[in-house]
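J.: Mind looking at a prediction? Sequence and model below.
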Amino acid sequence: MNRVALIGNGFVGSSYAFALLNQPIADELVIIDLNKEKAEGDAMDLNHGLPFAPSTTRIWSGDYADCEHADIVVICAGANQKPGETRLDLVEKNTKIFKAIVEQVMASGFDGIFIVATNPVDILTYATWKFSGLPKERVIGSGTILDTARFRYLLGQYFHIDTRNVHAYIIGEHGDTELPVWSHADIGGRPVHDLIQKNDKWSAEDLDDIFVNVRDAAYDIIERKGATYYGIAMGLVRLTRAIFHDENSILTVSVHLNGEYENDDVYIGVPAVVNRQGIRQVVELNLNDKEKEQFNHSVNVLKETMSSLFDKKE
Ligand code: NAD
């Protein structure tokens, strides 16, 4: 029995539940939220879709005791930024929420894999790792999985190629300091940098614009509809599938670095091999000097935020 426990059934969490139901991945899905009524209502609503689903999933609204037999706990719970609140205020608030959540999950006897989506995702994945005491391989953040998907989508549109034939990564913080790895971006084996030399209708300026659109996509969507959730929900399902199907897939997720990319003690988005054990291995791309500098800057920004956070707490 493959059981997923979803904690946080807001826009992202409920979209994840719906997307999960539409693929034959999990046998059981338990939904946990402070708002018990919403969790109950969603469990009922989702159950009514089962006759149309590709496989049978047992769905119910539950509590932390149900995490004991969960294989994966997905956390999408948390507070959103309020007007006048700084990013650091939000980090502090969500870290406190995470401490309470992760402690309750661990008290159930949970011994599986955590997937974290709540922002700031790299820092809250680090917090989950610390609070849970689980091996780093079994605590995974959604990292830049969505940013990489946005990047591939936009490159596919630009070069008029199926997005699944675009190989390109966004790495770093899921946030303002993330970076595109142009040195390893290719379409069907042809480097993007070579392609733009070969045809006047393509240019380096356009590529720069594509990255800016990726980086700022969340702001652009939030301005229009208040939140983003479908893309990340599908990314979380992709990650869930890679784990349950023991795929050894390479996904850009937030993982703990321990010497890889010449950095350590930080959770940050990089490509990694994902299977039933969690993170099998970090994929180390041979970054050029500019990319290395940008990546190190991203690490430093995360570490700086975390140091003020954990200094105060410990
Ligand atoms: P939301 O406000 O709609 O949902 C949050 C849910 O968490 C609510 O249902 C709330 O009741 C619940 N909750 C709060 N505290 C809880 C607790 N202690 N225990 C259990 N449940 C609790 O927010 P959303 O739009 O679904 O976003 C959720 C998070 O996902 C945010 O942090 C958002 O920034 C993040 N997000 C991440 C990505 C990504 O790429 N990683 C993309 C989009 C959104």
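T.: It's in. Keep in mind that this is a model prediction, so the values were computed, not measured.

J.: drop to CA atoms for contacts and neighbour counts, all remaining ones
T.: OK.

J.: show me the contacts for the nearest residue to Glu291 once chain neighbours are set aside.
T.: Once flanking residues are discounted, Glu291 sits nearest to Val181: 6.8 Å by C-alpha to C-alpha, 6 or more residues apart in numbering. Val181 makes contact with 168-171, 287, 291, according to C-alpha atoms under 8 Å, 6 or more residues apart in numbering.

J.: repeat that for 7 Å
T.: With contact taken as C-alpha atoms under 7 Å, 6 or more residues apart in numbering, Val181 is in contact with 168-170, 291.

J.: swap in Gly172?
T.: Contacts of Gly172 by C-alpha under 7 Å, 6+ apart are 178-179, 268-270, 295, 298.

J.: What about those residues, which are in helices?
T.: 295, 298 (DSSP state H).

J.: So which of the contacts of Gly172 wins on neighbours?
T.: Gly269 (33 neighbours; other C-alpha atoms under 10 Å).

J.: Tell me which residues of stretch 205-222 come out buried.
T.: For stretch 205-222, burial by neighbour count (16 or more other C-alpha atoms under 10 Å) applies to 207, 210-211, 213-215, 218.

J.: now stretch 263-279
T.: Those would be 266-276, 278-279, for stretch 263-279 by 16+ other C-alpha under 10 Å.

J.: Establish whether it and the ligand are in contact.
T.: No - between stretch 263-279 and the ligand, judged by C-alpha under 6 Å from any ligand atom, nothing touches; the nearest distance is 10.7 Å.

J.: And the contacts of that stretch?
T.: Looking at what lies outside stretch 263-279 - C-alpha under 7 Å, 6+ apart - the contacts are 113, 122-123, 125-126, 137-138, 143-144, 171-174, 242-258, 280-283, 303.

J.: Now which of the residues you listed would you call buried?
T.: 113, 122-123, 125-126, 137-138, 143-144, 171-174, 242-244, 248-257, 280-282, 303.

J.: and the nearest residue in space to Gln197 that is not next to it in sequence, backbone torsions?
T.: Excluding its sequence neighbours, the residue lying closest to Gln197 (C-alpha to C-alpha, 6+ apart) is Ser203, at 7.8 Å. Note on Ser203: its backbone torsions stand at phi -150, psi 160 [degrees, to the nearest 10].

J.: Tally up the residues packed near Ser203, please.
T.: 14.

J.: so it touches Ile196, yeah?
T.: Yes - Ser203 sits in contact with Ile196 when judged by C-alpha atoms under 7 Å, with a separation of 5.5 Å.

J.: Residues contacting stretch 151-158, please?
T.: By C-alpha under 7 Å, 6+ apart, stretch 151-158 touches 162-163, 166, 168, 210-211, 214.

J.: correction: stretch 189-199
T.: Counting by C-alpha under 7 Å, 6+ apart, 185-186, 202-203 sit against stretch 189-199.

J.: Make JSON lines from those residues and add distance to His48 and pLDDT to it.
T.: Shown next, in JSON lines, are the contacts of stretch 189-199 (distance: C-alpha to C-alpha, whole Å; pLDDT from 0 to 100):
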{"residue": "Ala185", "distance to His48": "43", "pLDDT": "98"}
{"residue": "Asp186", "distance to His48": "43", "pLDDT": "96"}
{"residue": "Trp202", "distance to His48": "48", "pLDDT": "96"}
{"residue": "Ser203", "distance to His48": "50", "pLDDT": "95"}
